[in-house]
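Colleague: Got a sequence here, can you build the structure:
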Amino acid sequence: MIYTNLNYWRTGKMRVKENLLTESIPFPKKELFLHVICVEYLDKYQLKLTFNNGIEGIVDLEQELYGEIFEPLKDKSLFQKVYVNSRTIEWPNGADFAPEFLFEIALNKQPVSMVGDPVGYANKM
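Modeller: Numbering: from 1, shown residues only. Okay, the predicted model is just below:
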């Protein structure tokens, strides 16, 4: 997936190109960087995330829990203690993921919806 922002300053939208199809994803004009603004634990290692561009998506992090900082998160009681810090999700042990990485996973899983979009972003894909 390729993210380009050539028209960002003019339109406030980032372009996403995938398999020769192009979708326009809104990006807040006042926000230059992507942030996670809400997290909800679903099941196992799945989280429902809301980003500051209005996209909601589900991420499954089971395959990402390796290495010294992430191994403890295989304990589901710790994994469920996820919270949003100033820009992304974090756990009490200090583990976190870049919001851009989470956004890419969420897009690959098909966004659930676009907050505030009466038509529904998921219906456009």
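Colleague: Just give the nearest non-adjacent residue to residue 80, would you?
Modeller: residue 41 (5.0 Å; CB to CB, 6 or more residues apart in numbering). Quick note: C-beta positions are derived from backbone N, CA and C, even for glycine.
Colleague: Is it correct that the one you found is in contact with residue 82?
Modeller: Yes. Counting by CB atoms under 8 Å, residue 41 does reach residue 82; the two are 6.3 Å apart.
Colleague: Now do the contacts for residue 89.
Modeller: Contact analysis of residue 89 by CB atoms under 8 Å, 6 or more residues apart in numbering lists 36, 39, 47, 49, 82-83, 96-97, 102.
Colleague: Equivalent analysis for residue 99, please.
Modeller: 33-36, 51, 87-88.
Colleague: follow-up on the earlier one: quick check: the two most widely separated of the contacts of residue 89?
Modeller: Taking CB to CB as the measure, these span a maximum distance of 14.0 Å, between 83 and 102.
Colleague: Out of the contacts of residue 89, which comes closest to residue 70?
Modeller: residue 97 (8.9 Å).
Colleague: separation between the closest one and residue 63?
Modeller: According to CB to CB, to the nearest Å, residue 97 and residue 63 sit 12 Å apart.
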